[in-house]
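# what follows is a predicted protein model with its sequence.
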Amino acid sequence: MKKVKRKRCVECNKLFTPFKTTQKVCGYECSLTYLETAKKEKEKRIKEVDRWIQEKVTIDWSKKLQVKINLIIRLIDKGLPCLARGTYAKQIHAGHVYARGGNQTIRYNLHNIHRQSAQSNHYQNDDGLLREGIIKEYGQEYMDFISELRQCKALNFSNEEYKELTKKASKIASKLKKANNIYTLNDRLELRNQINSELGIYDDIFCFFDIKH
C-alpha cells in the first residue's frame, strides 16, 4: 500500500495526512475558513468583471464629457447673474446658446455654452433671451461667431476617445475649482479659447474668438 504523503494546511500551515491528494486543509475549522476565503475571492472577481463590463459597455462617455464641460462653464462664469434673465440664482446651469437637440456638433464648444439659471434653462422660450444676453454682454460680433460654429463637421469619436476627453476636462475643471477666481469679460472669452484648444475637439477656426482689447 502506497504511503500517503503529508502536506501543509493552506490555512493553519500545520502538517497533516490527507484522505485524498486534492485535500488542501487539515480539518473542519480550516475547511470553513478556506471556503469562506474562496467565496470572498469569487465575489471580488465578479465585482471586477462587472466593473470592467460597466466601463466598456454601459458608460456613455459622451454624456460624462458634457457634465465636465458644463462644470467648466459654471466655474468660468462663477459669481455672475443669469445671462438670459439678468438675475442671480442659487442654481446656475450651463445653458447652450444653440440647443444640443438640433446642434450636436457644437454641444461641447465652450463658446456655445454660458451661464443660465436653472429655471431659465428649463424653458426653451428663454433661448432668445440667452442670445440677447450674449449680444448685450459680449457684442453682436461674438454672437455672429457663435452662429457660425454650427458649420463645423459632425463629431466622430469612439466611446474610448470620449473617455480620454472626459479625463482632460476633469483635470481642467479641477484647476479652475482650485483657482476659485471671478473672471473678467475678456478672461472668460480667453479661457473658452484656451480650453477649446486644449481639449482638441474642434478645429482651431471653431475654437478661437478674436478678442478685441
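Cool, the structure landed.

# in the chain, where is pLDDT below threshold?
Along the chain, the parts satisfying pLDDT under 70 run over 1-3, 54-57, 124, 213.

# for the residue nearest the centre of the chain, helix, strand, or coil?
Taking C-alpha atoms, centre = their mean as the criterion, Lys64 is the residue nearest the geometric centre of the chain, at 3.6 Å. Under DSSP: H, G, I helix; E, B strand; the rest coil, Lys64 falls in the helix class.

# contacts only, for it.
By C-beta atoms under 8 Å, 6 or more residues apart in numbering, the contact list for Lys64 reads 162-163, 166. Placement of C-beta: from N, CA and C, glycine included.

# work out for me the element Glu48 sits within.
helix 28-53 (DSSP states H and E).

# may I see the ChimeraX selection of the buried members of the contacts of Lys64?
Selecting only the buried entries of the contacts of Lys64 in ChimeraX, with 16 or more other C-beta atoms under 10 Å as the criterion:
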select :162,163,166
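
# what is the nearest of the contacts of Lys64 to Thr37?
Of all those, Thr37 sits closest to Lys163, with 34.5 Å by C-beta to C-beta.

# re earlier: which strands and helices sit next to the helix holding Glu48?
Using 3 or more C-beta pairs under 8 Å, 6 or more residues apart in numbering; DSSP states H and E as the contact test, no helix or strand touches helix 28-53.

# got the buried residues for it?
Cys30.

# check stretch 188-202 too.
Per 16+ other C-beta under 10 Å, stretch 188-202 contains these buried residues: 188-193, 195-196, 199, 201-202.

# which two among these are spaced furthest apart?
Greatest spacing in the buried residues of stretch 188-202, by C-beta to C-beta: Arg188 and Ile201 (19.0 Å).

# ends of stretch 200-211, how far apart?
Distance between the two ends of stretch 200-211: 20 Å, counting by C-alpha to C-alpha, to the nearest Å.

# okay, buried residues for it please.
Neighbour-count burial for stretch 200-211 flags 201-202, 206-209 (criterion: 16+ other C-beta under 10 Å).

# of those residues, which is the nearest to Ile92?
Of all the buried residues of stretch 200-211, Ile92 sits closest to Phe209, with 22.0 Å by C-beta to C-beta.

# got the phi/psi numbers for the closest one?
When read as degrees, to the nearest 10, the backbone of Phe209 gives phi -100, psi 130.
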